[in-house]
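> Give the three-dimensional model of this entry:
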Amino acid sequence: MSDKINDIEARRGMRIKKRFDRRAFCGILALVFAAGMVAGCKTTQKLGNLGGDLFQKGGVRIRTEPSGAKITINEQPVGRAPVMEPLKAGTYRVVAKKRGYEPQEQWVDVPKGKTVEVVIKFHSGR
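The predicted structure is shown next:
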């Protein structure tokens, strides 16, 4: 009789353990999903207008003629034009450099929640 009771308790323990394992798996899955959502939001924010309004963070979209110039904002490299960089409201120094041209500098005011379009034209003469 005691073997039968032990067998029943062992089966019940396995059911409880399986239930716990499912709950743990669902909890981990929920955490991974939430982390993915947060990462997705940050990625969306980097894409400019797709997420800029949602986060109330403005930015600057920089284009150069000719394109492909190296862009720095407040002496921090941000990439090659055309480029979009999310920024807080404020005034920023944008510098564009392209081989064969004089470096170009422009001060840009970025209002809160707005994206400013900047076009920098290079003048030959280096």
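> For the rest of this, base every contact and every neighbour count on C-alpha atoms.
Fine.
> Now the element after the worst-scoring helix or strand of the chain on mean pLDDT, going C-ward?
Every helix and strand in the chain was compared by mean pLDDT, DSSP states H and E; the lowest is helix 49-55, with a mean of 48. Counting by DSSP states H and E, the element after helix 49-55 in chain order, helix or strand, is strand 58-65.
> Where do the helices of this structure begin and end?
Applying DSSP state H to the chain gives helices spanning 2-46, 49-55.
> Quick one: mean pLDDT over the first one.
The average of the pLDDT scores along helix 2-46 is 63.
> Number of residues surrounding the residue lying closest to I62 once chain neighbours are set aside?
Nearest non-adjacent residue to I62, counting by CA to CA, 6 or more residues apart in numbering: V118, 4.8 Å away. Neighbourhood size, V118 [other CA atoms under 10 Å]: 16.
> And P66, by the same measure?
Neighbours of P66 (other CA under 10 Å): 12.
> any idea how far it is from D109?
23 Å (CA to CA, to the nearest Å).
> Next: K70.
Taken as CA to CA, the span from K70 to D109 is 20 Å.
> Give the residue from these two that has the larger number of neighbours.
With neighbours defined as other CA under 10 Å, K70 and D109 compare such that K70 has more, 19 against 13.
> Across the sheet, point out what pairs with that one.
Partner residues in beta bridges with K70, using DSSP bridges, are R80, K97.
> got a pLDDT number for it?
pLDDT, read off for K70, is 97.
> now do the same end-to-end measure for stretch 64-84.
12 Å.
> What residues of that stretch count as buried?
For stretch 64-84, a neighbour-count test (16 or more other CA atoms under 10 Å) marks 64, 67-73, 80-84 as buried.
> which other residues reach that stretch?
The contact list for stretch 64-84 (CA atoms under 8 Å, 6 or more residues apart in numbering) reads 46-48, 59-63, 85, 92-98, 119-122.
> Could you write me a PyMOL select line covering just the buried ones among the residues you listed?
In PyMOL syntax, the buried subset of the contacts of stretch 64-84 is picked out as below (16+ other CA under 10 Å):
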select buried, resi 46+48+59+60+61+62+63+85+92+94+95+96+97+98+120+122
